[in-house]
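**Q** A predicted structure for the sequence below; I have some questions about it.
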Amino acid sequence: MQCPSCQNTDSRVLESRAADAGRSVRRRRECLNCDFRFTTYERVESVPITVLKRNGSRETFSSSKLLNGISRACEKTSIRSERIELLVEEIELQLQQSSIKEVASSAIGEIVLDQLRGINEVAYVRFASVYRHFHGINDFVATLETLKSKKGELASVR
């Protein structure tokens with residue numbers, strides 16, 4: 001690591017600790033040439049995920065866009081913002097861990113719906129109505145019937 005004061009590349013680590021909720025390591029260093037102390041951060045470099053949109057365009061995955069969409073669906077429900085943030089982190093981690101680095105927006109939408117189905121039915125229907133472009137009451141009824149039948153399947157398994 002290059003010293004910001006004298007540009008010497010020899011330094012020693014004085015202290016290391018986890019930072020950014022365990023996603024990076026904070027290190028206090030001391031230059032062996034001029035004794036200047038400085039801090040560095042190390043984190044795993046991730047390959048960016050590309051989202052293939054419905055219209056054929058491509059854009060870099062944005063967790064803030066996903067957070068915004070899920071937050072809108074969860075407005076005025078019992079879901080706390082911490083739970084929504086955790087959900088977005090879980091989805092992003094799932095996408096990062098997959099070997100596919102170009103993901104269709106429809107696949108991301110289905111992942112969100114699968115997660116919301118187990119968390120809150122109102123948020124599920126709200127997200128589905130935007131994601132699946134509901135055009136009328138029949139779309140809502142069909143989604144509610146699907147949700148009800150899947151809930152019945154789960155109850156019969158128990």
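**A** On my side now, so go ahead.
**Q** contacting residues around the nearest residue to residue 121 once chain neighbours are set aside?
**A** Setting aside the residues directly before and after it, residue 121 is nearest to residue 147 in space (CB to CB, 6 or more residues apart in numbering), at 6.2 Å. No exception for glycine: its C-beta is placed from N, CA and C like everyone else's. Contact criterion CB atoms under 8 Å, 6 or more residues apart in numbering gives 117, 121, 124-125 as the residues in contact with residue 147.
**Q** need the pLDDT of residue 147.
**A** Predicted confidence (pLDDT) for residue 147: 76.
**Q** what's the distance between it and residue 27?
**A** When CB to CB, to the nearest Å is the yardstick, residue 147 and residue 27 sit 49 Å from each other.
**Q** please apply the same query to residue 48.
**A** 25 Å.
**Q** of those two, which one has the most company?
**A** More neighbours surround residue 27 than the other of residue 48 and residue 27, with 18 against 8 (other CB atoms under 10 Å).
**Q** domain-wise, how is this protein divided?
**A** If the domains of the chain are taken from automatic domain parsing, they occupy 11-43, 50-151, with pieces of a single domain joined by a plus sign.
**Q** and these as a markdown table, adding distance to residue 2?
**A** Below are these laid out as a markdown table (distance: least, CB to CB, whole Å):
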| stretch | distance to residue 2 |
| --- | --- |
| domain 11-43 | 8 |
| domain 50-151 | 29 |
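**Q** which stretch in those has the least confidence?
**A** domain 50-151 (a mean of 87).
**Q** picking that back up, out of the domains of the chain, which is closest to residue 1?
**A** When those are compared for distance to residue 1 using CB to CB, the nearest one is domain 11-43, at 5.3 Å.
**Q** surely residue 103 is in contact with residue 50?
**A** Yes. Taking CB atoms under 8 Å as the contact criterion, residue 103 and residue 50 are neighbours in contact, 7.3 Å apart.
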